[in-house]
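> got a sequence here, can you build the structure:
(one chain, ligands or ions: 2)
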Amino acid sequence: MLTRIDHIGIACHDLEATVAFYQETYGFGDAHYETNQEQGVREAMLRINTTGDGAASYLQLLTPIRDDSPVAKWLAKNGEGVHHIAFGTDGDVQDEADGIASKGVRVLYDAPRNGSMGSRITFLHPKDCHGVLTELVQKAGTAPQDG
Ligand code: V0V
Ligand code: CO
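Residues are numbered from 1 along each chain as shown. Ligands and ions are numbered 1, 2, ... in the order given. Below is the predicted model:
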């Protein structure tokens, strides 16, 4: 079941300056920084609140590390702004994706890939989701093999 807004992904040109904006303007705490080579991004996660399923909601600030990455392409076309939303599941992310695919929505990956903080992620095509690039997230430590 999808049980939380895991994060909102925001594309930006200057990651440090954008983190500082969110911290100074709203008082959000320390950021977790990470580079995801496969996705072609450097990112900062700002934790906003804990959620009822024992996980949390974040802002995910993203800047491209390669000109051919999805975020670079999107920034060149649209400028800075909200890039995607991510729903968190309390179960297996592939099961969640399979259920959504059976309703006619295109899932972009055949198998989940690595996301922030050890999560497993996949994406739904924005053209099948009323214009919103939508990510599904299974947080670290919830996969069956993790015990
Ligand atoms: C593209 N489109 C979007 C969009 N990106 N619409 C809404 N939101 C977005 N973010 C629209 C675009 O305006 C076009 O519409 C159409 O889709 C095709 O776009 P395109 O520019 O030609 O780009 P494509 O087709 O090469 O790639 C689009 C997709 C790509 C969605 C397939 O961005 C992708 O694979 N995204 C998934 C991976 C990703 O975004 N990774 C970065 C975050 P018109 O103009 O034809 O009407 S990584 C992350 O979140 C991590 C690591 C994490 O959470 O842990
Ligand atoms: Co994301």
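
> contact residues of this protein facing ligand 2?
Counting by C-beta under 5 Å from the ion, the residues of the chain close to ligand 2 are 9, 60, 86, 135. To be clear about C-beta, it is placed using only N, CA and C from the backbone, and glycine gets the same treatment.

> filter those residues down to the ones in strands?
Within these, residues falling in strands by DSSP state E are 9, 60, 86, 135.

> can you tell me the closest non-neighbouring residue to the first one?
Translated: G9. Spatial nearest neighbour of G9, excluding adjacent residues (C-beta to C-beta, 6 or more residues apart in numbering): H84 at 4.2 Å.

> what count of nearby residues applies to the one you found?
When counting by other C-beta atoms under 10 Å, one arrives at 22 neighbours for H84.

> which strands or helices does the host helix or strand of it pack on?
H84 is part of strand 81-89, with elements assigned from DSSP states H and E. Judged by 3 or more C-beta pairs under 8 Å, 6 or more residues apart in numbering; DSSP states H and E, the packing partners of strand 81-89 are strand 2-11, strand 134-138.
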